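J.: Predicted model and sequence follow; I will ask about them next.
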Amino acid sequence: MSGVVVIGASYAGIQAAFAARAAGYAERVTVIADERALPYQRPPLSKDFLLDEIGAQGLLMHDEAVFADNRVELMLGHRVVAVDRNARGVVLAGGTMLGFDRLVIATGSRARRIAVRGAELDGVCYLRSIADAVDLKARLGHASEIVIIGGGFIGLEVASSAARLGKRVTVIEASSRLLERAVSPVVSRVLLERHAEASVAMKFGTAVSAVIGEDGRVAAVELAGGIRLGADLVVVGIGGIANDELAVAAGLECANGIVVDELGRTAHPGIYAAGDCANHYSRFAEGWIRLESVQHAQDQGRTVGLAIADSHEPYDSVPRFWSDQHDLKLQSVGLAARSDRFVIRGAIEAGRFSVFNYRQDRLVAVDSINNPADQMVARRLIAAGISPTPEQAGDTCCDLKSLLKTAGRAVA
């Protein structure tokens, strides 16, 4: 075998394969995945899939015919156990070696495990794969008291879904507010109020000291300080860890993920990485960063695919995230954690507004609730390095798109 080998049927891996083809790459393209399922979308797992609003078929990125039409070969249910960068081959479980001209490592990330007594009890669940989601959905049907450890995106989305199913839900968050590293305090407060309206209880600034079991199954969660919460199901959502073990073993540079340049290239010729497993320099972070988001994975995967086809477009996408919780659609562009000032555009009480986040008078992020129009213009503003004044951002009568036109005329 030669051509391109992609390890991982993730958003990044699939996008790299299709982008290479679209850009004219004519050699063999093979995607190897350890799961047997066709490549699927992960965001609906914590929402629509848990609520039976979408089935497994509806999760698929593409059906088999699309892969065949694009001459992308899938090797499902196969696990890569080693990368031999000198021999330019990957070793599968069982010993088979497949050669490559170009290699894309798109192995994603895995759920961070809790390290407390009782963590291995039956009923302690994580949500990363479709197998996890199938298991969690079945357990939700029989559970009544659910404790969610972690007030991040996955934890809050599962809390929203469980509340809709009529479950008693408590979220444990170690920090002082929801999504502390991702959104502004205003958005954290609005999300908190909406979860409270849905009878989701929240506990902040505390940690879990143990999971208590009876007959091998979860029965309660013990917090630091000794408080116990009854639970017949525990869902852990405390972040992800880059799946970079193959790269480390192969001698590739890794630091919280596989280190890549603006084209997704590692320091070893012909080996690329993209998505959750990759660490890249971002002008928006003003430093190195590993992002876990669908949009990032797709954009960086596309950059890698183009580079493989010798059509170079450096990766420079503005970080973007989204989350659906209850009837709120949260969309964020940029990195709000770096801000030192914010201004609200729109009316919070109307349930449709945006928060413009600034750092030293420079717009660095915009968080929106049920307001996609602001997101569209904010993405272009941040990408272009254009900052409306806080007064302009807070005035809904100010046409922010006109700033883009003015800047364009100035450049011309």
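T.: Perfect, thanks for sending it. Keep in mind the model is a prediction, meaning the values are calculated, not measured.

J.: which helix is the longest one in the protein?
T.: helix 294-308 (DSSP state H).

J.: Quick one: list the elements packing against the following helix or strand past it.
T.: Under the assignment DSSP states H and E, the closest C-terminal helix or strand after helix 294-308 is strand 320-325. Judged by 3 or more Cβ pairs under 8 Å, 6 or more residues apart in numbering; DSSP states H and E, strand 320-325 is in contact with helix 153-164, helix 185-197, helix 294-308, strand 328-334. C-beta here means a position set from N, CA and C on the backbone, and glycine is covered the same way.

J.: Please repeat the previous calculation with a cut-off of 7 Å.
T.: Under the contact definition 3 or more Cβ pairs under 7 Å, 6 or more residues apart in numbering; DSSP states H and E, strand 320-325 sits against helix 153-164, strand 328-334.

J.: tell me the mean pLDDT for that strand?
T.: Mean pLDDT, taken over the full extent of strand 320-325, equals 97.

J.: Just the angle for it relative to helix 153-164, thanks.
T.: Going by axes from the mean of the first three to the mean of the last three Cα atoms, to 10 degrees, strand 320-325 is angled at 20 degrees with respect to helix 153-164.

J.: Strand 320-325 pairs with which strands, parallel or anti?
T.: When pairing is defined by DSSP bridges, strand 320-325 lines up against strand 328-334 (antiparallel).

J.: For residue 136, which non-adjacent residue is spatially closest?
T.: residue 125 (5.2 Å; Cβ to Cβ, 6 or more residues apart in numbering).

J.: And the one you found, how far from residue 139?
T.: 7 Å (Cβ to Cβ, to the nearest Å).

J.: Between the two, which contacts overlap?
T.: When Cβ atoms under 7 Å, 6 or more residues apart in numbering defines a contact, the residues bordering residue 125 and residue 139 alike are residue 233.

J.: more crowded one of the two?
T.: Ranked by neighbour count (other Cβ atoms under 10 Å), residue 125 and residue 139 place residue 125 first, with 22 against 17.

J.: Please identify which helix or strand holds that one.
T.: Element membership for residue 125, per DSSP H and E: strand 124-126.

J.: other SSEs contacting the very next helix or strand once past that strand?
T.: On the C-terminal side of strand 124-126, the nearest following helix or strand under DSSP H and E is helix 130-142. Using 3+ Cβ pairs under 7 Å, 6+ apart as the contact criterion, the elements in contact with helix 130-142 are strand 124-126.

J.: Partner strands of the strand it packs on, with direction?
T.: Looking at strand 124-126 with DSSP bridges, its partner strands are strand 233-236 (parallel).

J.: Run the chain-centre distance for the partner strand.
T.: 19 Å (Cα atoms, centre = their mean, to the nearest Å).

J.: Which neighbouring elements make contact with whichever helix or strand comes after it?
T.: Next helix or strand after strand 233-236 toward the C-terminus (DSSP H and E): strand 240-242. In terms of contact count using 3+ Cβ pairs under 7 Å, 6+ apart, strand 240-242 is assigned the packing partners strand 109-111.

J.: outside of the strand it packs on, which residues touch it?
T.: Strand 109-111 has contacts (Cβ under 7 Å, 6+ apart) with 126, 128, 236, 240, 241, 242, 243, 276, 277, 292.

J.: Contact partners for the residue nearest to the spatial centre of the chain?
T.: Among the residues of the chain, residue 293 comes closest to the average C-alpha position under Cα atoms, centre = their mean, at 3.0 Å. Under the criterion of Cβ under 7 Å, 6+ apart, the contact list for residue 293 reads 319, 320, 321.

J.: cool, residue 363 as well?
T.: With contact taken as Cβ under 7 Å, 6+ apart, residue 363 is in contact with 356, 381, 382, 387, 388.

J.: Now go through these and say which are in strands.
T.: Among those, the members falling in strands are residue 356 (criterion: DSSP state E).
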